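Participant: pasted the sequence and its predicted model underneath.
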Amino acid sequence: MIGTSSEWTWCSTGTTLAGTGITGYQANQLSNPSHLTFGSDGAFYIADTSNHRISKWTSGVSTGTVVAGQAFAQSGSNLSLFNQPYSVSIDSTGKMYVADTNNHRVMLWNNSATSGSIIAGTGTKKK
């Protein structure tokens, strides 16, 4: 039976699924996370914007795994780095698409890749 919204109530307390609540670059910390998406593997992927990386988190773990970008908040413009990634999407085959904001590009990362390829944008800001 499907209930109406007046029959449901939100829990007044939440559960932290990722991060410690303290900004940082360690594997269990986030810095300005901006977007998350869920993969078909049941994990969720976070655009950890100020750490210039995409982290993968699975249910019940307290530490994420960097799957794109560098582990220690290194930014840059080569194909293995990001500069303020804002959004991430995962397709049904596990390919990752990242909006790399300050590099003015959208990147494709294949499953388990150590670098991506530019699929939109030029990597430079238009004047």
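Facilitator: Cool, got the structure.

Participant: by mean pLDDT, flag the weakest helix or strand of this structure.
Facilitator: strand 33-38 (a mean of 87; mean pLDDT, DSSP states H and E).

Participant: show me where the protein has its strands.
Facilitator: 33-38, 44-48, 53-57, 65-69, 85-90, 96-100, 105-109, 117-121 (DSSP state E).

Participant: if we can go back for a sec, other SSEs contacting the least confident helix or strand of the chain?
Facilitator: Strand 33-38 sits against strand 44-48, strand 85-90, with contacts defined as 3 or more CB pairs under 8 Å, 6 or more residues apart in numbering; DSSP states H and E. C-betas here are computed from N, CA, C, even on glycine.

Participant: quick one, which of the ones you listed is nearest to residue 124?
Facilitator: Closest of the helices and strands packed on strand 33-38 to residue 124 is strand 85-90, at 16.8 Å (criterion: CB to CB).

Participant: tilt between that closest one and strand 33-38?
Facilitator: Strand 85-90 and strand 33-38 are oriented at 0 degrees to each other (axes from the mean of the first three to the mean of the last three CA atoms, to 10 degrees).

Participant: how about strand 85-90: buried residues?
Facilitator: Across strand 85-90, burial judged by 16 or more other CB atoms under 10 Å covers 85, 87, 88, 90.

Participant: which residue packs closest to the third one, ignoring adjacent ones?
Facilitator: When the adjacent residues along the chain are set aside, residue 88 lies closest to residue 47, with 4.6 Å between them (CB to CB, 6 or more residues apart in numbering).
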